[in-house]
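*Asks:* pasting the structure only:
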């Protein structure tokens, strides 16, 4: 695997950076310590410009090459998750109830490694914009950075990102042209009836029975309203109702996540969920309130940039270790907002066996960081060649 020699030599430092970040996880936009650590390393590397407090705690740094040329954006997310760590590692989180369970500490270390190499060599014609983003897991930091004008302010023409993939063979990349990850919407359905004694249901309007009917019926949207070859997932993930065995409660609620790829399916899912819930509300005589949140849009790769990124990945990992038409995934990612603003591509990088993402026993595989950093560096050198 032809990892760049200089980046391979940086592996111990990338591990040190990553494990420091792992010990000090921060959530959403409150990545103050993480951003300060990133900015301090970038100053040591001698990048040309550092811009802080973008999207509250985001950092954008510029590295100029030997000649003028376009600007390419490289993105890493920085936030952690509200999970109690169970790895038992010496570098485990020191913050109760928070941990890097998705590898954003590793993504940040990879981009820092690429930044150091690019600042030292500058073997490209143009500028690299390093986008260190908060609030990917919750809050849409990518959207906020785009809304605050980072693409226009720094003249970014293309943008790229990587996510680690546990239990995918080590060093293997996969991506796909067009839609790669789904849009994610969330529905909260609040149901109010009339509570009373469990022995006298005829004196009550039971929200439990209404909610049970609604939860079962919304499953028919996927099976009966959407063409079978179009992807849609609707999962009811929470039901909260009742306090005791002999009390019919006054109210309750349930929550569902809705994943899709096209505007038409996305609209249909919302319309049918509303119709089903409101219809059941009328049938059961309960009052219904629906809070429907349109979340991250689908992550859509530009086909030309995805093909180019796959070529670069083959240079780093070998032809047999790259799948450039791997299909879609129903997870979601707020890098989608950056890809709406500028053409680019998002790839997954296999990190070998281990606990899955968002699991309390997950830990980023430090050995894969030089692979990701080499990919970022070679992408810049290939996209912005000198001469």
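*Replies:* Here it is on my side, so go on. Fair warning: this is a prediction, and the values are worked out from it, not measured in the lab.
*Asks:* Poorly predicted segments of the protein, please.
*Replies:* For the chain, residues meeting the criterion pLDDT under 70 lie at 1.
*Asks:* Let me see the contact set for the spatially most central residue of it.
*Replies:* With distances taken as Cα atoms, centre = their mean, residue 333 lies nearest the centre of the chain, 3.3 Å away. Listed by Cβ atoms under 8 Å, 6 or more residues apart in numbering, the contact set of residue 333 reads 136, 163, 181, 296, 299, 346. (Each C-beta comes from the backbone N, C-alpha and C, glycine too.)
*Asks:* what sits against residue 68?
*Replies:* 125-126.
*Asks:* secondary structure element for it?
*Replies:* Using DSSP states H and E, residue 68 maps to strand 67-77.
*Asks:* With residue 132 instead?
*Replies:* In the assignment (DSSP H and E), residue 132 maps to strand 125-133.
*Asks:* Need the contact partners of the helix ranked longest in the chain.
*Replies:* In the chain, taking DSSP state H as the definition, the longest helix is helix 263-284. Applying Cβ under 8 Å, 6+ apart, the external contacts of helix 263-284 come out as 183, 185, 187, 189, 191, 193, 205-206, 209-210, 213-214, 217-218, 220-221, 225-226, 230-232, 234, 256, 258, 260, 287-288, 290, 292, 294.
*Asks:* Filter those residues down to the buried ones, ChimeraX style.
*Replies:* Burial among the contacts of helix 263-284 is assessed by 16 or more other Cβ atoms under 10 Å; the matching ChimeraX selection reads:
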select :183,185,187,189,191,193,205,206,209,210,213,214,217,218,221,226,231,232,234,256,258,260,288,292
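*Asks:* can you give me the angle the helix or strand just after the longest helix of the chain makes with helix 263-284?
*Replies:* Using DSSP H and E, the helix or strand that follows helix 263-284 towards the C-terminus is strand 287-294. Between strand 287-294 and helix 263-284, the angle comes out at 170 degrees (axes from the mean of the first three to the mean of the last three Cα atoms, to 10 degrees).
*Asks:* What helices and strands are in contact with strand 287-294?
*Replies:* If you count contacts as 3 or more Cβ pairs under 8 Å, 6 or more residues apart in numbering; DSSP states H and E, strand 287-294 packs onto strand 183-192, helix 263-284.
*Asks:* which one of those has the most crowded surroundings?
*Replies:* Mean neighbour count (mean count of other Cβ atoms under 10 Å) peaks for strand 183-192 among the helices and strands packed on strand 287-294, with a mean of 21.
*Asks:* what lines up beside that one in the sheet?
*Replies:* strand 251-260 (antiparallel), strand 287-294 (antiparallel) (DSSP bridges).
*Asks:* Same list (those strands) but as CSV, adding distance to residue 48.
*Replies:* Formatted as CSV, the strands paired with strand 183-192 follow (distance: least, Cβ to Cβ, whole Å):
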stretch, distance to residue 48
strand 251-260, 40
strand 287-294, 38
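*Asks:* Now do the contacts for residue 171.
*Replies:* Contacts for residue 171 (Cβ under 8 Å, 6+ apart) come out as 1, 316-317, 321, 349-350, 368, 371.
*Asks:* List the backbone torsions phi and psi for it.
*Replies:* The phi/psi pair for residue 171 (degrees, to the nearest 10) reads phi 80, psi 0.
*Asks:* and it, how far is that from residue 365?
*Replies:* Remark: distance between residue 171 and residue 365 (Cβ to Cβ, to the nearest Å) = 10 Å.
*Asks:* what does residue 31 give?
*Replies:* Residue 31 is 22 Å from residue 365, where distance means Cβ to Cβ.
*Asks:* Counting neighbours around each, name which of these two comes out higher.
*Replies:* residue 31 (30 against 18; other Cβ atoms under 10 Å).
*Asks:* my guess is the more buried one meets residue 57, correct?
*Replies:* Yes: using Cβ atoms under 8 Å, residue 31 is in contact with residue 57, at 4.2 Å.
*Asks:* joint contacts of these two?
*Replies:* Taking Cβ under 8 Å, 6+ apart as the criterion, residue 31 and residue 57 both touch 78, 134.
*Asks:* circling back: residue 47: which of the helices and strands packed on strand 287-294 is closest?
*Replies:* Minimum separation from residue 47 across the helices and strands packed on strand 287-294 (Cβ to Cβ) falls at strand 183-192, 33.7 Å.
*Asks:* Need the contact partners of the closest one.
*Replies:* Under the criterion Cβ under 8 Å, 6+ apart, residues 207, 210-211, 214, 241, 250-261, 266, 269-270, 273, 277, 281, 286-298, 332, 336 lie in contact with strand 183-192.
*Asks:* ok, residue 349 - contacts?
*Replies:* 162-165, 168, 171-173, 368, 371-372, 375 are the contacts of residue 349 under Cβ under 8 Å, 6+ apart.
*Asks:* Let me know the angle separating the helix or strand containing it from strand 67-77.
*Replies:* Secondary structure from DSSP H and E places residue 349 in strand 344-350. If you take the same axes, to 10 degrees, strand 344-350 sits at 50 degrees to strand 67-77.
*Asks:* What is the subsequent helix or strand relative to strand 344-350?
*Replies:* Next along from strand 344-350, by DSSP H and E: helix 369-383.
*Asks:* What residues sit buried inside that following helix?
*Replies:* Of all the residues in helix 369-383, those buried under the rule 16+ other Cβ under 10 Å are 369-381, 383.
*Asks:* Once you drop chain neighbours, what's closest to residue 10?
*Replies:* Spatial nearest neighbour of residue 10, chain neighbours left out: residue 113 (5.1 Å); criterion: Cβ to Cβ, 6 or more residues apart in numbering.
*Asks:* now the helices: where do they sit in the stretch 51-200 of the chain?
*Replies:* Ranges of helices within the stretch 51-200 of the chain are 104-121, 141-147, 150-153, based on DSSP state H, counting those that start in this stretch.
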